[in-house]
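Novice: heads up, no residue letters with this:
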């Protein structure tokens with residue numbers, strides 16, 4: 001039956017993350033540093049808001065754009081944090097997580113053959129979604145030498161007459177990198193000079209440590225050429241609620257809403273009411289979770305460096321991205337042998353693009369004591385293998 005499968009789908013490999021999760025699921029006593037989601041439960045007040053919406057009979061479709069109070073709250077939230085305001089009626093769209101928002105952004109703006117610049121390492125879906133939308137991903141490698149921040153000259157080097165869009169994901173999954181405002185300003189200048197659209201995935205914007213997050217749309221001249229993507233999964237521990245949003249100029253958002261209308265209709269109603277509660281009363285919970293992530297971050301980075309797995313200091317999200325070059329193994333071999341020999345699951349860096357080869361992603365969205373045990377096991381493994 002393979003003759004019926006689309007060629008563009010056929011050439012996209014399955015997610016490189018899933019294989020190790022599937023193996024780990026068959027084993028006992030595994031400590032997982034692979035899961036890219038909070039280990040915290042959704043804060044009780046947010047859960048209660050979702051339950052209240054069900055009890056009030058809010059079990060129907062909403063407006064395609066999402067419930068009005070949530071869009072107003074999102075507009076206020078972005079203005080309060082970053083000084084950039086969006087019209088709740090025409091410039092904000094509530095989506096099924098940031099995953100749908102990314103698909104909508106690319107589907108609504110990409111014509112066949114359009115080139116989309118994607119810095120790597122990057123979230124596993126970026127290149128695939130560009131292809132699904134008919135575009136051509138053009139990858140730019142980042143490295144630990146520049147703290148995995150993409151540099152404007154690297155972007156400029158790959159711009160062609162077919163380049164239409166730049167897709168940014170900072171704070172970054174898998175590296176934990178955060179772009180400095182200075183480097184973002186240089187990227188913004190390029191976008192202006194070459195008339196590029198910028199899709200900025202900022203799902204981890206609230207999880208930064210010792211630095212400030214710069215919203216790309218807040219930079220001078222960038223609001224009108226940026227599609228800003230955000231959501232509730234990471235900062236509010238709401239992954240299973242599947243709720244995100246897109247903010248963009250009205251003309252672009254109208255095109256995205258059109259795709260959303262025909263493919264989704266509306267985001268989950270219960271999740272929208274829970275998200276409204278998160279914005280209105282969830283800030284204390286965000287601060288508490290972020291403080292605990294920060295404590296774990298310092299533990300895992302210091303621990304990895306102490307056993308010889310060189311790791312730059314991640315400033316955002318909840319991932320460390322150490323080099324495993326000292327072992328002489330490929331990242332796939334390292335991850336598989338670590339799982340088999342020491343029952344520790346991490347993700348090969350190459351799952352996030354060829355630029356991630358030679359590294360592994362270790363999530364610290366797990367308990368402090370679990371991370372301590374994982375580091376002990378990693379230490380034994382590293383001692384045996386160089």
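Specialist: It's in. Since the structure is predicted, the reported quantities are computational estimates derived from the model, not experimental observations. Numbering: from 1, shown residues only.
Novice: domain ranges for the chain?
Specialist: Annotated domains of the chain cover 2-42+284-384, 44-281 [automatic domain parsing].
Novice: Who are the packing partners of the helix or strand hosting residue 340?
Specialist: Element membership of residue 340 [criterion: DSSP states H and E] is helix 331-342. Judged by 3 or more C-beta pairs under 8 Å, 6 or more residues apart in numbering; DSSP states H and E, the packing partners of helix 331-342 are helix 18-24, strand 344-345, strand 347-348, strand 360-363, helix 368-384. C-beta here means a position set from N, CA and C on the backbone, and glycine is covered the same way.
Novice: if we compare the ones you listed, which one ends up closest to residue 287?
Specialist: Residue 287 lies closest to helix 368-384 among those, at 17.7 Å (C-beta to C-beta).
Novice: How about residues contacting the closest one?
Specialist: Helix 368-384 is contacted by residues 31, 33, 292, 295-296, 299-300, 303-304, 307-309, 326-327, 337-338, 341-344, 362, 364 when judged by C-beta atoms under 8 Å, 6 or more residues apart in numbering.
Novice: for stretch 220-230, same thing?
Specialist: Stretch 220-230 is contacted from outside by 78, 84, 98, 101-102, 105, 109, 188, 191-192, 195-203, 205, 215-217, 244-249, 252, 256, using C-beta under 8 Å, 6+ apart.
Novice: Show me what counts as buried in it.
Specialist: By neighbour count on 16 or more other C-beta atoms under 10 Å, the buried set for stretch 220-230 is 222-223, 225-230.
Novice: so what's residue 10 up against?
Specialist: If a contact means C-beta under 8 Å, 6+ apart, then residue 10 has residue 2 as its contacts.
Novice: same deal with residue 194?
Specialist: Counting by C-beta under 8 Å, 6+ apart, residue 194 makes contact with 156, 159, 163.
Novice: which residues in the stretch 1-150 of the chain form helices?
Specialist: For the stretch 1-150 of the chain, helices defined by DSSP state H, counting those that start in this stretch occupy the ranges 7-10, 18-24, 44-55, 68-82, 97-109, 125-132.
Novice: how far away is residue 2 from residue 9?
Specialist: Applying C-beta to C-beta, to the nearest Å, the value for residue 2 to residue 9 is 11 Å.
Novice: Next, the angle helix 368-384 makes with the helix holding residue 340.
Specialist: Angle between the axes of helix 331-342 and helix 368-384 is 110 degrees (criterion: axes from the mean of the first three to the mean of the last three C-alpha atoms, to 10 degrees).
Novice: Off-centre distance for helix 331-342?
Specialist: Remark: helix 331-342 is offset 25 Å from the chain centroid, using C-alpha atoms, centre = their mean, to the nearest Å.
Novice: try stretch 341-358
Specialist: Taking mean C-alpha positions (C-alpha atoms, centre = their mean), stretch 341-358 and its chain are 17 Å apart.
Novice: quick check: angle from the lengthiest helix in the chain to helix 68-82?
Specialist: In the chain, taking DSSP state H as the definition, the longest helix is helix 283-306. Relative orientation of helix 283-306 versus helix 68-82 (the same axes, to 10 degrees): 50 degrees.
Novice: Buried ones in helix 283-306, by neighbour count?
Specialist: Here helix 283-306 shows 285-286, 289-290, 292-294, 296-297, 299-301, 303-304 as buried, counting by 16+ other C-beta under 10 Å.
Novice: Same list (those residues) but as CSV, adding pLDDT and distance to residue 54.
Specialist: As requested, those are exported to CSV (pLDDT from 0 to 100; distance: C-beta to C-beta, whole Å):
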residue, pLDDT, distance to residue 54
285, 98, 21
286, 98, 24
289, 98, 25
290, 98, 29
292, 98, 30
293, 98, 30
294, 98, 35
296, 98, 34
297, 98, 36
299, 98, 39
300, 98, 38
301, 98, 42
303, 98, 43
304, 98, 44
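Novice: Closest to residue 237 out of those?
Specialist: Closest to residue 237, out of all of the buried residues of helix 283-306 and judged by C-beta to C-beta, is residue 289, at 6.6 Å.
Novice: all helices of the stretch 151-300 of the chain, in order?
Specialist: Using DSSP H, counting those that start in this stretch, the helices of the stretch 151-300 of the chain run over 152-158, 181-193, 250-263, 269-281, 283-306.
Novice: neighbours around the spatially closest residue to residue 12 that is not a sequence neighbour, how many?
Specialist: Distances taken as C-beta to C-beta, 6 or more residues apart in numbering place residue 128 nearest to residue 12, at 4.7 Å, with adjacent residues excluded. When neighbours are counted by other C-beta atoms under 10 Å, residue 128 registers 18.
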